[in-house]
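Novice: Model the following, please.
(one chain, ligands or ions: 1)
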Amino acid sequence: MSLSQFNIQYFRNIASAQLQPGSGLNLIYGQNGSGKTSILEAIYFLGMGRSFRSHLAQRVICNEQEQLTLFARLQVHDTQHKVGVRRFRNGDTDVKIDGEKIKRLSILAETLPIQLITPESFSLLFEGPKARRQFIDWGAFHSDPMFYPQWMNVRRVLKQRNQLLRDGVNYQQIAYWDREFVRYSEAVTAIRNHYVDSLNGLLKGIIREFLPQADIRVSFTRGWDSKTPLAELLEAQYSRDVVMGFTVSGPHKADLRLRVGNLPAQDALSRGQLKLLVCALRIAQGKLLKQQQDKDSIYLVDDLPSELDAKHRQLLLQQLSETGAQVFVTAIDPAAIADSLNTPPERIFRVEQGSVTVIE
Ligand SMILES: Nc1ncnc2c1ncn2[C@@H]1O[C@H](COP(=O)(O)OP(=O)(O)OP(=O)(O)O)[C@@H](O)[C@H]1O
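Specialist: Residues are numbered from 1 along each chain as shown. As a prediction, this is how the structure comes out:
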């Protein structure tokens with residue numbers, strides 16, 4: 001799967017751009033502030049319906065414009081799809097796939113699996129469990145169609161339960177919700193657990209290439225004590241949950257543990273090594289999706305050269321190209337990428353003050 005055409009209108013500093021990306025490696029280069037990251041952000045916005053840089057979608061609309069429009073032709077095996085996203089300043093979003101309006105953004109995410117690697121990707125490793133849980137859930141979402149509805153059930157019941165806790169109702173009134181919560185939580189946990197197991201198989205090989213010296217172990221923690229059934233725990237922790245005003249244990253606390261020997265990965269690895277570990281995780285996810293669903297991901301790698309030496313830049317580009325996926329990488333200096341490749345990028349784009357030109 002790849003974008004064969006990508007049109008941007010009024011996204012950040014890009015008033016208008018039409019790109020015909022190659023199905024392999026695409027290099028986007030330009031000075032600071034030229035708009036390189038904005039192109040990646042626009043592709044991400046097309047696939048996810050939101051930005052990875054701002055929670056406020058209005059911020060990505062070009063100043064003094066009322067709306068942004070993104071349009072892509074998507075080549076999936078022998079079929080071409082048209083995907084369009086329009087975002088208005090008042091917060092409304094229109095999404096069309098093959099001319100038909102869609103309501104749920106999850107359909108967009110299903111159509112366009114996107115893997116993002118930015119200089120801030122380290123947050124996957126240290127900024128609390130949320131980013132790590134999102135990482136697991138990206139894979140669970142794409143690998144099992146039951147994940148999303150079950151996870152929505154967990155969130156719905158959890159919200160209800162937390163409200164009852166804050167209302168201070170007695171345990172009998174909560175017990176009904178707990179039975180529901182346990183049922184959905186176990187379904188979600190089984191899918192996540194299975195997913196991390198499958199991922200680990202692929203991850204080992206990639207980590208061996210990137211970080212051959214480090215004894216890295218990746219494991220899944222489900223969000224509650226591994227020896228106690230959730231139903232028992234919820235009942236036992238009821239009084240504490242009332243005091244806290246929310247449910248302390250459950251799949252909303254699941255996590256991915258990344259350890260090097262006996263230490264958390266972030267305490268044992270350098271910044272460059274952490275970046276490689278995040279890349280290994282993302283590449284393994286993309287490869288697993290390809291194996292399980294015959295679906296390609298699109299890789300967006302912002303500022304690829306930063307924090308990597310020439311040898312590791314080369315290794316990363318090689319691993320990315322082995323996925324067979326469409327890859328967009330940005331760099332300030334194109335030589336930093338070109339020098340690490342045996343063959344030139346399939347397409348090179350130069351960005352200057354929001355205007356994009358293709359370099360032959
Ligand atoms: N809503 C907006 N409307 C117009 N311009 C904007 C908007 N939001 C951001 N910009 C500008 O767009 C430019 C593009 O920034 P972007 O982060 O894409 O550049 P970059 O090439 O990735 O830079 P760097 O190499 O520093 O990361 C910035 O100069 C920014 O001030």
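Novice: Run through the helices of this structure in chain order.
Specialist: 36-48, 105-111, 123-126, 128-143, 147-167, 171-210, 230-236, 238-244, 265-268, 271-293, 310-322, 335-338 (DSSP state H).
Novice: quick one: contacts for R166?
Specialist: Contact partners of R166, counting by C-beta atoms under 8 Å, 6 or more residues apart in numbering, are G245. (Glycine included, C-beta is placed from N, CA and C.)
Novice: Residue in the stretch 251-360 of the chain with the shortest distance to the ligand?
Specialist: Nearest to the ligand in the stretch 251-360 of the chain, going by C-beta to the nearest ligand atom, is I332, at a distance of 5.6 Å.
Novice: For that residue, which residues are in contact?
Specialist: Y29, G30, Q31, N32, D303.
Novice: Lowest average confidence across the helices of the chain, which one?
Specialist: When those are ranked by mean pLDDT, helix 123-126 comes last with a mean of 76.
Novice: Which residues are in contact with L233?
Specialist: Counted by C-beta under 8 Å, 6+ apart, L233 has contacts W224, D225, S249.
Novice: before we move on, back to that, please work out which of the helices of the chain is packed deepest.
Specialist: Stretch with highest mean neighbour count among these: helix 36-48 (a mean of 24; mean count of other C-beta atoms under 10 Å).
Novice: Dump that helix to CSV, restricted to CA.
Specialist: Output of helix 36-48 as CSV, limited to C-alpha atoms (Å, rounded to 0.1, in the frame of the first residue of the first chain):
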residue,chain,number,x,y,z
LYS,A,36,9.3,19.3,6.1
THR,A,37,7.6,18.1,9.3
SER,A,38,4.4,19.7,8.2
ILE,A,39,4.3,17.3,5.2
LEU,A,40,4.7,14.3,7.5
GLU,A,41,2.1,15.8,9.8
ALA,A,42,-0.3,16.1,6.9
ILE,A,43,0.1,12.5,6.0
TYR,A,44,-0.4,11.5,9.6
PHE,A,45,-3.5,13.8,9.7
LEU,A,46,-4.9,12.0,6.6
GLY,A,47,-4.5,8.6,8.3
MET,A,48,-5.5,9.5,11.9
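Novice: touching the ligand at all, that helix?
Specialist: Yes. For helix 36-48 and the ligand, the contact criterion (C-beta under 6 Å from any ligand atom) is met by K36, T37, S38.
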